[in-house]
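Chemist: Sequence first, predicted coordinates after that:
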Amino acid sequence: MRASTQAPGNRSISDMIIHKKTLSSLVGYLVPLLKRIGFRLRSICVLISLLLAGSPIQSAESSEKENADAGAPRLPKLTGLLHNEDCIDFFDNRDFSKGKAGEMVDRYVDVLAGAGVTVLVCNTSSRRTNYRSKVWEAFWDGFDPNASNDQPFFAAVPKEQRAGYRRVVANMLATYSEGVDYPARIISRSRHHSISPWISLRMNDVHVNGNLDHPIHSDFWRKPEFFRKGHPGYYARALDYAHAEVRAHHKALIVETLELYDIDGLELDFMREPYLFSKGKEQEGRLILNEWLRDIRKLIDDAATGRGHAIKLGVRVPASPETALGLGLDAPTWSKEGLVDLVVVTPRWSTIDFTIPIAKWRDLLGDRVTLAGGLEVNYQPYLKIPNRMVTKEEATGAAIGVLSGGADVVYLFNYFQNKHPHWSPPEYQRMLNAFSSVKELQKLPRRHAVTFSDVTIPGEEYPSPLPASGTQLSFDMQLGPAPPATWQGKLMTEVEVPHLEDTVANIFVNGVAGKLKSNETLKNGRHFATYEFPLTALSGKDRDTINKRDSITIEAVGKDPITVHRVEVSLRPEGSKATTKP
């Protein structure tokens, strides 16, 4: 059972004043009760979040601020293509010629300008900074450029990784030593190309968290008293924002960024990482984070006054609104109060997401903010299958899903110009230039696939769509506008059947039967079957796809259940060849 996530409206409890101490009691009572009657954890979190969002749990001062901000003038929405450049990539994938650091930064931005990027989001931090900060340690602090890889700085770095990590920190230090302020140079060159410069700060990065002696960590991140509790594994050593010291640590970097750099926008990247509170404390943390965002918004507005131009505030949050709210990331409230101007809804890293619920997000956020759909660089049907980098067709399919689904813009993360993904420089620029236009994307072959949510709520039993077993299996896909009649529609599926000699399965696209064209037996013994289907079966016409999904049905031929491991739909001109293989 799934709770509704419609935007909060008038509620019978809207005049109740609930003290913060009552919140813990309310949550403690509702969670076990709702679990007993069949609610999933994700739905419980959303139900409580929306209940509280519509109730004046906050102080009277907060309520007055919300009412005042509701009528605040809206800043123009972002348009074109948003590109995130992470804090290490530039320094990791090129050889630096002495005295040429500034020119190399310029050339890097030049490539993005030629790729049609209109907003360049420059990431300057993970657990250290890639510029000379006065409030955080820089990546190169403690590194001796004249010493060998056996120096103390690298003691905790595996020997086979030392040369690579040395290249990163040495290039950062060389850039700084040449008098080049990396973020400032990015900003200057961006403005030269009329690209809007932003800075992105990672709010809880956990890279190399299993090795606290690694030099990627600053001293602050090595303090276990600030770690989240109750969540083992990769995110166990993420910081807990319930601690005032953690919030102050990140606020100091925000203040410094606004003082040092003349930017058009600041992004708080909550997807590195979205786990900001101890297990079971996410809804209490939601109120803490909301109040903190109000403080940050004031800093932004004060900086804008000093700079003489508007400065936008953006956030990156999980693709699912249920997940975001369940983790305490209350983007609907942030939007409603005018705290944020950009909301990027996105998967984390494991896989690109072809069915981000853009329309649901728009209902929750309203129309005042720029809503961006995030594209990740990997593709993975489910966790037990290794991921790989996306093809051009897959990236096109996901981008069409985002824009035809109602997003204002596409936002690229981990799409670097050094063949990451594996595109040549000309292909890279051609592809990026298409990402800002549904019309241009529709000219390109595309592929859509069933994937999974790579961010879940602690304790949630998430039912991954794949693998799926049964005699009749259905999958919702967002295939976007139907292509020209001269194109071909194909559905590919990797299926495990009880007997190798069995006919694979029957497939239907929105109830219209497909025709089996090929059936290949893979090395793992499964069938990889390709079907053709008529394009008239697709639900989308032009841009009327915002609230439409396409239903894919796969039926076993006999009575025995089959197991489906992969579902992909290809839309391309007749006679053209796909770039992916089984």
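Modeler: Okay, I see it.
Chemist: Do you have the helices of the stretch 401-550 of the chain handy? List them.
Modeler: 425-434, 438-441 (DSSP state H, counting those that start in this stretch).
Chemist: which one of those helices lies closest to residue 182?
Modeler: Smallest distance to residue 182 across the helices of the stretch 401-550 of the chain (CB to CB): 21.8 Å, for helix 425-434. Glycine gets a C-beta too; all of them are placed from N, C-alpha and C.
Chemist: chain center to the closest one, what's the gap?
Modeler: 21 Å (CA atoms, centre = their mean, to the nearest Å).
Chemist: now swap in stretch 175-182 and tell me
Modeler: 30 Å.
Chemist: again with stretch 109-129
Modeler: 16 Å.
Chemist: Could I get the buried residue list for it?
Modeler: Of all the residues in stretch 109-129, those buried under the rule 16 or more other CB atoms under 10 Å are 109, 112-129.
Chemist: and the end-to-end length of it?
Modeler: Stretch 109-129 has its terminal residues 20 Å apart, counting by CA to CA, to the nearest Å.
Chemist: pLDDT score assigned to residue 138?
Modeler: Residue 138 is assigned 98 on the pLDDT scale.
Chemist: For the spatially closest residue to it that is not a sequence neighbour, list each beta-bridge partner.
Modeler: Using CB to CB, 6 or more residues apart in numbering and skipping the chain neighbours, the partner closest in space to residue 138 is residue 129 (5.3 Å). Under DSSP bridges, the beta-bridge partners of residue 129 are residue 125, residue 138.
Chemist: ok, now how distant is residue 129 from residue 513?
Modeler: 57 Å (CB to CB, to the nearest Å).
Chemist: cool, and residue 185?
Modeler: From residue 185 to residue 513 the distance is 58 Å (CB to CB).
Chemist: neighbour-wise, which of the two wins?
Modeler: Neighbours per residue (other CB atoms under 10 Å) separate residue 185 from residue 513, with residue 185 holding more: 21 against 14.
Chemist: Mind picking out the helix or strand in this protein with the poorest mean pLDDT?
Modeler: Using mean pLDDT, DSSP states H and E, the weakest-scoring helix or strand in the chain turns out to be helix 60-70, at a mean of 41.
Chemist: pLDDT score assigned to the residue lying closest to residue 356 once chain neighbours are set aside?
Modeler: Leaving aside its chain neighbours, residue 356 sits nearest to residue 319 (4.7 Å; criterion: CB to CB, 6+ apart). In this model, residue 319 is scored at 98, pLDDT.
Chemist: What is the burial count for residue 319?
Modeler: For residue 319, using other CB under 10 Å, the count is 24.
Chemist: Any chance of JSON lines for the helices of the stretch 401-550 of the chain, columns distance to residue 409 and mean neighbour count?
Modeler: As requested, the helices of the stretch 401-550 of the chain are exported to JSON lines (distance: least, CB to CB, whole Å; neighbours: other CB atoms under 10 Å):
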{"stretch": "helix 425-434", "distance to residue 409": "13", "mean neighbour count": "18"}
{"stretch": "helix 438-441", "distance to residue 409": "11", "mean neighbour count": "18"}
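Chemist: Of the ones you listed, which is nearest residue 379?
Modeler: Nearest to residue 379, of the helices of the stretch 401-550 of the chain and by CB to CB, is helix 425-434 at 15.1 Å.
Chemist: And the residue nearest to residue 138, how far from residue 181?
Modeler: Distance from residue 129 to residue 181, by CB to CB: 11 Å.
Chemist: cool, and residue 522?
Modeler: Taking CB to CB, one finds residue 522 at 53 Å from residue 181.
Chemist: of those two, who's got more company?
Modeler: residue 181 (17 against 12).
Chemist: contacting residues for the more buried one?
Modeler: By CB atoms under 8 Å, 6 or more residues apart in numbering, the residues touching residue 181 are 131, 132.
Chemist: please redo it, this time with the cut-off set to 7 Å
Modeler: If you count contacts by CB atoms under 7 Å, 6 or more residues apart in numbering, residue 181 has them with residue 131.
Chemist: quick one: it from residue 131, how far?
Modeler: For residue 181 relative to residue 131 (CB to CB), the value is 6 Å.
Chemist: The nearest residue to residue 314 once chain neighbours are set aside pairs with what?
Modeler: Of all residues not flanking residue 314 in the chain, residue 342 sits nearest, at 3.2 Å (CB to CB, 6+ apart). Legend: beta-bridge partners of residue 342 under DSSP bridges are residue 314, residue 370.
Chemist: distance of residue 342 from residue 411?
Modeler: Using CB to CB, one gets 9 Å for the distance from residue 342 to residue 411.
Chemist: which residues are common contacts for these two?
Modeler: residue 372.
Chemist: Below-threshold pLDDT in this structure: ranges please.
Modeler: 1-73, 500-502, 542-547, 578-582 (pLDDT under 70).
Chemist: OK, contacts around the residue nearest to residue 138?
Modeler: Here residue 129 is in contact with 136, 138, 139 (CB under 7 Å, 6+ apart).
Chemist: Select from the residues you listed the one having the most neighbours.
Modeler: residue 139 (26 neighbours).
Chemist: show me the contacts for it.
Modeler: So residue 139 contacts 128, 129, 130, 168, 169, 172 (CB under 7 Å, 6+ apart).
Chemist: Relative to residue 358, which of the residues you listed is nearest.
Modeler: residue 130 (32.3 Å).
Chemist: ok, how many other residues are close to that closest one?
Modeler: 26.
Chemist: Spatially, what comes nearest to it if we skip its sequence neighbours?
Modeler: residue 87 (4.8 Å).
Chemist: Centre-most residue in the protein?
Modeler: Most central in the chain under CA atoms, centre = their mean is residue 346, positioned 2.8 Å from the mean C-alpha point.
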